[in-house]
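S.K.: Sequence and predicted model, in that order:
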Amino acid sequence: MTAMTAPLSVPVSLALVGAGHTHLAVIANASRLRAAGVDPFLIAPAGFDYSGLASGVLSGAMPAESTRIDIAGLARKHGVPHTVAQVTGVDRQARTLTLGDGSRAAYDAVSFNIGSSVEDPDAWASLEGVWPVKPLSSLFSLRQALEKDLAVGTRSPAVVIAGDGPTGFEIAAALTGLHERRERSVNLTLTGPTANAHWAPGSAGRSLTRNLDRRGVKRIAARVVGHGGRRITLSDGQSIACDHLVLATGLRASRLTDQLDLPLDDLGRIKVAPILCSVGDDRVFAAGDCATIKGSPRPFAGVFGVRAAEVLIDNLCALGTGSKPRPYRPQSRWLSIMDLGDGTGLAMRGDLWWQGRLALALKRRLDIGFVERHRA
Ligand SMILES: Cc1cc2nc3c(=O)[nH]c(=O)nc-3n(C[C@H](O)[C@H](O)[C@H](O)COP(=O)(O)OP(=O)(O)OC[C@H]3O[C@@H](n4cnc5c(N)ncnc54)[C@H](O)[C@@H]3O)c2cc1C
């Protein structure tokens, strides 16, 4: 990696690709960038759904609009030219991006905040009745489909969740909450190698599984290995009915990273130095789920993208001013709060945890506050 000492000739044309948690703050600080000689432009979809409130939507406690941030409006407000498009290709030698419509955009430096997608080796996500947990719009469509099923039939649809990580558990809890709100019994099976919340600290996992067991969720310690004809096959040989299959099978960085010809980790994340530029190209920055920081790998969680924003803004300004970039050191413990869909939350931080209404109230306060801060 070359040292970032000499400033690029100003104005530096900075492409912001994707408007995830980190770039929301970069867009809002566009005037600081321009004052430093850096001209940002954005290529991203027109809207962004904030995942912290996704389970609230899925459980029927909140409308889908509550997660929505109007990216086009935010960019307009802060004077950032915005092309509503996906970037489909990157030529790092020529420093150009290819957009979905085939057009190209040149840049001096580029920053990626393009998030993640679901691991789906068997390409099930495109099948009818299969719902990957990302993009979040897929989950909101699942809620609509379930509400339709519940409105017309007396039989509750059979829902299977593939994946026993925090996302699989949170979605199981949220969908159970949706059924409870509609006063219907739930026919939901959570599957995964252990079907236990083995990743939760101390006895939090037992508390969580007790909560789901009491509310009628079935748990099977086996992986989904086959899908078709409204049934799924499990790795233990069982075949069970499945009207809706939720893929919570783990995340990987958005596929665009594969095209960069830069060092990636085994989940496709761009390996970045603590100053948030790629270890292979100091004109390529990345933050959030599409990046992993050398020496500080972290799980996929929005909190790291949010916390990286201040450092990223400073280091993007440094492209124009030539000042010394500073490192981002992600915290080793962080607060995560699961919405259990029954009016309670499960808060976890390191080895500590607590469950109850206050935990959910805190989550709502933080998440609604985040969305409101970024509304144009
Ligand atoms: C159901 C669910 C609930 C979750 N709840 C929480 C939670 O409560 N707290 C928490 O910390 N984490 C939570 N997470 C994890 C969290 O969603 C991710 O870690 C977070 O979204 C990552 O943020 P990001 O900014 O990297 O990317 P994202 O939030 O995914 O944003 C990336 C943006 O880039 C855009 N984009 C993608 N590709 C391109 C492209 N090629 N060109 C242009 N734009 C592109 C996308 O459309 C998107 O708008 C949850 C995840 C799920 C699935």
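M.R.: Perfect, thanks for sending it.
S.K.: where exactly do the strands run in the stretch 201-350 of the chain?
M.R.: 218-220, 224-228, 231-234, 239-241, 244-247, 251-253, 270-272, 277-278, 281-286, 291-293, 335-339, 345-349 (DSSP state E, counting those that start in this stretch).
S.K.: which parts of stretch 212-225 are buried?
M.R.: 212, 215, 217-220, 222-224 (16 or more other C-beta atoms under 10 Å). To be clear about C-beta, it is placed using only N, CA and C from the backbone, and glycine gets the same treatment.
S.K.: So which of the strands of the stretch 201-350 of the chain is nearest Val130?
M.R.: Closest approach to Val130 among those is made by strand 244-247 (4.8 Å; C-beta to C-beta).
S.K.: Find out how far that closest one is from the centre of the chain, if you would.
M.R.: Strand 244-247 has its C-alpha centroid displaced from the chain centroid by 17 Å (C-alpha atoms, centre = their mean, to the nearest Å).
S.K.: Sheet-wise, list the partners of that strand with their directions.
M.R.: Using DSSP bridges, strand 244-247 pairs in its sheet with strand 130-132 (parallel), strand 158-162 (parallel).
S.K.: List the contacts of the closest residue to the ligand within the stretch 151-300 of the chain.
M.R.: The ligand sits closest to Gly288 of the stretch 151-300 of the chain, with a gap of 2.2 Å, by C-beta to the nearest ligand atom. Gly288 sits next to 20-22, 113-115, 302, 304-305, 308 when contact means C-beta atoms under 8 Å, 6 or more residues apart in numbering.
S.K.: and stretch 200-213, how far out from the chain's middle?
M.R.: Taking mean C-alpha positions (C-alpha atoms, centre = their mean), stretch 200-213 and its chain are 24 Å apart.
S.K.: Including distance to Val152, could the strands of the stretch 201-350 of the chain go into JSON lines?
M.R.: Converted to JSON lines, those look like this (distance: least, C-beta to C-beta, whole Å):
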{"stretch": "strand 218-220", "distance to Val152": "24"}
{"stretch": "strand 224-228", "distance to Val152": "24"}
{"stretch": "strand 231-234", "distance to Val152": "21"}
{"stretch": "strand 239-241", "distance to Val152": "18"}
{"stretch": "strand 244-247", "distance to Val152": "15"}
{"stretch": "strand 251-253", "distance to Val152": "33"}
{"stretch": "strand 270-272", "distance to Val152": "46"}
{"stretch": "strand 277-278", "distance to Val152": "51"}
{"stretch": "strand 281-286", "distance to Val152": "46"}
{"stretch": "strand 291-293", "distance to Val152": "45"}
{"stretch": "strand 335-339", "distance to Val152": "27"}
{"stretch": "strand 345-349", "distance to Val152": "32"}
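S.K.: Ok, which of those strands comes nearest Leu312?
M.R.: strand 281-286 (6.5 Å).
S.K.: near the ligand, anything from the closest one?
M.R.: No: shown here: strand 281-286 not in contact with the ligand (C-beta under 6 Å from any ligand atom), separated by at least 9.1 Å.
S.K.: Show residues contacting that strand.
M.R.: By C-beta under 8 Å, 6+ apart, strand 281-286 touches 1-4, 92, 95, 108-113, 257, 260, 262, 269-270, 272, 276-278, 312, 315-316.
S.K.: likewise stretch 75-83?
M.R.: Residues from elsewhere that reach stretch 75-83, judged by C-beta under 8 Å, 6+ apart: 16, 19, 27-31, 34, 40-44, 71-72, 99, 105, 376.
S.K.: Repeat that for stretch 170-186.
M.R.: Outside stretch 170-186, the residues that reach it (C-beta under 8 Å, 6+ apart) are 55-56, 58-61, 133, 139, 143, 146-147, 150, 156, 159, 161, 188, 190, 208, 211-212, 215-217, 246, 248, 338-342.
S.K.: how about Ser59, what does it touch?
M.R.: Applying C-beta under 8 Å, 6+ apart, the residues contacting Ser59 are 173-175, 177-178, 181, 339, 341.
S.K.: Next one: it from the ligand, what distance?
M.R.: Applying C-beta to the nearest ligand atom, to the nearest Å, the value for Ser59 to the ligand is 11 Å.
S.K.: backbone phi and psi for that residue, please?
M.R.: Phi and psi for Ser59, reported as degrees, to the nearest 10, are phi -80, psi 0.
S.K.: any idea how far it lies from Gly129?
M.R.: According to C-beta to C-beta, to the nearest Å, Ser59 and Gly129 sit 20 Å apart.
S.K.: Enumerate the residues of the stretch 151-300 of the chain near the ligand.
M.R.: 167, 254, 256, 288-290, 300.
S.K.: could you redo those as CSV and give each row pLDDT?
M.R.: What follows is these, written out as CSV (pLDDT from 0 to 100):
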residue, pLDDT
Thr167, 97
Ser254, 97
Leu256, 97
Gly288, 97
Asp289, 97
Cys290, 98
Phe300, 94
